[in-house]
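Enquirer: no sequence for this one, just the structure:
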C-alpha cells in the first residue's frame, strides 16, 4: 500500500456509513414492532412492555399445563390475541382468551 492513510479514511467512512444504516434499520424495526403491537391489540392489552422486557412469565391456561418462559411475540390470529412464549422446550402459542392466570416476574 502506497498510502495507508487513505485506507484508514475509507474504512472510517465505511464504518460510519454502516453505523448510520444500522441505526436507521433499528429505528425502523422499533417502529414496525410498535405498529404490529397496535394492530395485534397488544398495546390495548398493555402486553407490549412484556415483549420488550423479555422477563419471565407464567401462564396458566384454562385447560392444559402451566407454561413458563418469556413472551417473544403478541399477534392477532384466528383465536384473537395470541401470546407466543419461548420455553426451555420450544415456543408455545397461548390464545389470550384461554388464559386463566398470568404471573410476571422472578417468581413466575
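Expert: Nice, thanks for sending it over. Computed from a prediction, not measured in an experiment: that's the story for all the values here. Numbering: from 1, shown residues only.
Enquirer: quick one: pLDDT of residue 102?
Expert: We have a pLDDT of 84 for residue 102.
Enquirer: Give the bridge partners for it, please.
Expert: Note on residue 102: beta-bridge partners by DSSP bridges are residue 59.
Enquirer: what number of residues lie near it?
Expert: By the measure other Cβ atoms under 10 Å, the count of residues near residue 102 is 17. Using the backbone N, CA and C atoms, a C-beta is placed for each residue, glycine as well.
Enquirer: Touching, it and residue 57? I think so.
Expert: Yes - under the criterion of Cβ atoms under 8 Å, residue 102 makes contact with residue 57 at 6.5 Å.
Enquirer: Pretty sure residue 100 sits in a helix.
Expert: No - membership of residue 100 in a helix is not supported by DSSP: H, G, I helix; E, B strand; the rest coil, which gives strand.
Enquirer: Could you verify my assumption that it touches residue 64?
Expert: No - using Cβ under 8 Å, residue 100 makes no contact with residue 64, being 10.0 Å away.
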